[in-house]
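Participant: Attaching a predicted model along with its sequence, questions to come.
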Amino acid sequence: MKRVIHWFRRDLRISDNTALYHACRAGDEVLPLYVVSTWKGRHPWTGPSRQQFLCGCLDSLAKNLALVGGRLIIRIGEPCAELERLVKETSAEAIYTNRGVDPFDVTLESCLEKRARDWGIEFHRFLDVTIQAPNAVLTRSGQPFRVFGPYARAWQGVPRPAVLPKIDRLHTPGTVPSEPLPTLAHWNLQPEASIVEPGEKAARNRLRQFLDGPIFEYAAKRNLPAEAGNSRLSQDLRWGTLSPRQVLTAAERLLHGGDAAQRRSIGAFINELIWREFYLQILWHYPEVVHQNFVHGLDALAWDDDEAAFRRWREAATGFPIVDAGIRELLATGFMHNRLRMITAMFLTKDLHVHWKRGEQFFCRKLVDGEIASNNGGWQWSAGTGADAAPYFRIQNPWTQTKRYDPEGVYIKKWVPELRDVKLIDLMRPPNSPLIKGYPLPMVDHDRERELTVERFQRAQQGKAPEKTDCRDPFP
């Protein structure tokens, strides 16, 4: 009778779960484990909305495991210590888990691998968070890609693992003690947003709804925040209520039907899945990006330690309607449309000159889908310091972005309803007087701030020291 542990982390599902599948094949008894963190109140990488979604996913996972004969075991503490305790309590012979990508997971797994040898048990890790392993797509010289286009072409040429069958039966001994499922109260948190429904079933429903129609217009509508044109699957990929293989396989099936425009839209969506893989492999190969510019040649770039400006940005009081609308969507829902993520991030870094790390951390605390790799990649791209970033002199203008992506003002007027009676033209140009009483004038002149940003990049590229104080590191 072989007893094994499956350690759930960011794979909160029973379908197409690589480590769980192999654990069930290897073990007569499987102990499905989730270790709850012990931090309280405030954390640099997460916040109430993400933890609320996690709680709902764990509740869903527990019910799904019960349907196939299993039982989710909850422990609270440091993962290595809790795994050691469970191994000793149950005489488990092996631990199965899916590999992490970020430097914290890599360090943890390395430690656990050594500890498992000391305990005299097997330790098995599997590819699951990404479709391709971070070191599977390399240049001809064996180096990681730093530019997306060549990476995407190479990625398409590497064989992909197939979708695995759903687990239909496992046995967990009923005598193994477990803590109750966590709630927000465990972290001393309160709900702060109206988030999407958590869990594997809800994720599969979202995928089905996207494939039933929106994917065929994805290329045309993905950048229009007032349209239901994106997949809304980002939190499901982050927490693993869907596997990326499931999403890719389902999308590729649709390539065989439809017209050329529909196939282009499907291809555009698949390209976004590859962007996700690109940023994950960047983080795996260059873990220092968590705290540093990806482009080290820009380390001399000047940033302003302007707390008042940062506060107005995060409180949606900039006087730029499109920027304020994006922040309000984030605060209300724990989600922000991808186009608005770029607009708001570039505004903070290029118009207000606030360090990208400040905004990156704010997003991670507010987003349900807060993914270290994609969030870091997006912020560094917007700041001009990241992998495959746009040239520093290409700086998005919030007024022209409004005209292009919210031409009817639907998105702005939804999230900034006090502007509902303002003329459309006045949402697309700097006003000379307040749009309405109580709504602020633009806090900066975009054209002037663009000039200052270009000057700062030019100085940094010449290796000159910054003229202004660098932003303090917000990470504890």
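Facilitator: Looks like it arrived, so ask away. For clarity, every value in this text was computed on a predicted model and none was experimentally measured.

Participant: Going by C-alpha atoms from here, please, whenever you check contacts or count neighbours.
Facilitator: Will do.

Participant: Map the structural domains onto the sequence of the protein.
Facilitator: What the record gives for the chain is the domain set 3-128, 130-162+201-285, 296-461, from automatic domain parsing.

Participant: how far does the shortest one stretch from start to finish?
Facilitator: Between the opening and closing residues of domain 130-162+201-285 there is a gap of 14 Å (CA to CA, to the nearest Å).

Participant: and it, how far out from the chain's middle?
Facilitator: Averaging C-alpha positions (CA atoms, centre = their mean, to the nearest Å) puts domain 130-162+201-285 14 Å from its chain's average.

Participant: Longest helix of the chain, counting residues only.
Facilitator: helix 260-285 (DSSP state H).

Participant: For the most centrally placed residue in the chain, give me its contacts.
Facilitator: What sits nearest the mean C-alpha location of the chain, by CA atoms, centre = their mean, is residue 371, with 2.6 Å. Contacts were defined as CA atoms under 8 Å, 6 or more residues apart in numbering; by that measure residue 371 touches 238, 364.

Participant: Kindly report the same for residue 347.
Facilitator: 323, 396, 398.

Participant: give me phi/psi at the second one?
Facilitator: Per-residue torsions, residue 396: phi -60, psi 130 (degrees, to the nearest 10).

Participant: Sticking with residue 5, tell me its helix or strand.
Facilitator: Element membership for residue 5, per DSSP states H and E: strand 3-8.

Participant: Which helix or which strand is home to residue 440?
Facilitator: Secondary structure from DSSP H and E places residue 440 outside every helix and strand.

Participant: Check residue 463 too.
Facilitator: Per DSSP H and E, there is no helix or strand for residue 463.

Participant: cool, residue 448 as well?
Facilitator: Applying DSSP H and E as the criterion places residue 448 in helix 446-461.

Participant: Show me what counts as buried in that helix.
Facilitator: Neighbour counts over helix 446-461 (16 or more other CA atoms under 10 Å) mark 446, 449, 450, 453, 454, 455, 456, 457, 458, 459, 460 as buried.

Participant: what does stretch 148-167 give?
Facilitator: Neighbour counts over stretch 148-167 (16+ other CA under 10 Å) mark 148, 151, 152, 154, 155, 163, 167 as buried.

Participant: Out of the residues you listed, which one has the weakest pLDDT?
Facilitator: In terms of pLDDT, the lowest of these is residue 167, showing 91.

Participant: Give me the pLDDT for the residue nearest to the centre of the chain.
Facilitator: pLDDT, read off for residue 371, is 94.

Participant: now swap in residue 42 and tell me
Facilitator: Value listed for residue 42 in the pLDDT field: 89.

Participant: Could you confirm it falls within a helix?
Facilitator: No - the assignment for residue 42 (DSSP: H, G, I helix; E, B strand; the rest coil) gives coil, which keeps it out of a helix.

Participant: where in the stretch 201-350 of the chain is pLDDT low?
Facilitator: The stretch 201-350 of the chain contains no residues with pLDDT under 70.

Participant: mind listing the helices for it?
Facilitator: Secondary structure of the stretch 201-350 of the chain (DSSP state H, counting those that start in this stretch): helices located at 218-221, 234-239, 244-253, 260-285, 307-314, 321-333, 338-346.

Participant: could those be laid out in JSON lines, adding mean neighbour count and distance to residue 114?
Facilitator: Output for those, formatted as JSON lines (neighbours: other CA atoms under 10 Å; distance: least, CA to CA, whole Å):
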{"stretch": "helix 218-221", "mean neighbour count": "20", "distance to residue 114": "46"}
{"stretch": "helix 234-239", "mean neighbour count": "23", "distance to residue 114": "26"}
{"stretch": "helix 244-253", "mean neighbour count": "17", "distance to residue 114": "29"}
{"stretch": "helix 260-285", "mean neighbour count": "20", "distance to residue 114": "20"}
{"stretch": "helix 307-314", "mean neighbour count": "16", "distance to residue 114": "43"}
{"stretch": "helix 321-333", "mean neighbour count": "23", "distance to residue 114": "41"}
{"stretch": "helix 338-346", "mean neighbour count": "22", "distance to residue 114": "40"}
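
Participant: want to throw these into JSON lines with distance to residue 437?
Facilitator: Formatted as JSON lines, the helices of the stretch 201-350 of the chain follow (distance: least, CA to CA, whole Å):
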{"stretch": "helix 218-221", "distance to residue 437": "33"}
{"stretch": "helix 234-239", "distance to residue 437": "37"}
{"stretch": "helix 244-253", "distance to residue 437": "47"}
{"stretch": "helix 260-285", "distance to residue 437": "41"}
{"stretch": "helix 307-314", "distance to residue 437": "17"}
{"stretch": "helix 321-333", "distance to residue 437": "14"}
{"stretch": "helix 338-346", "distance to residue 437": "24"}
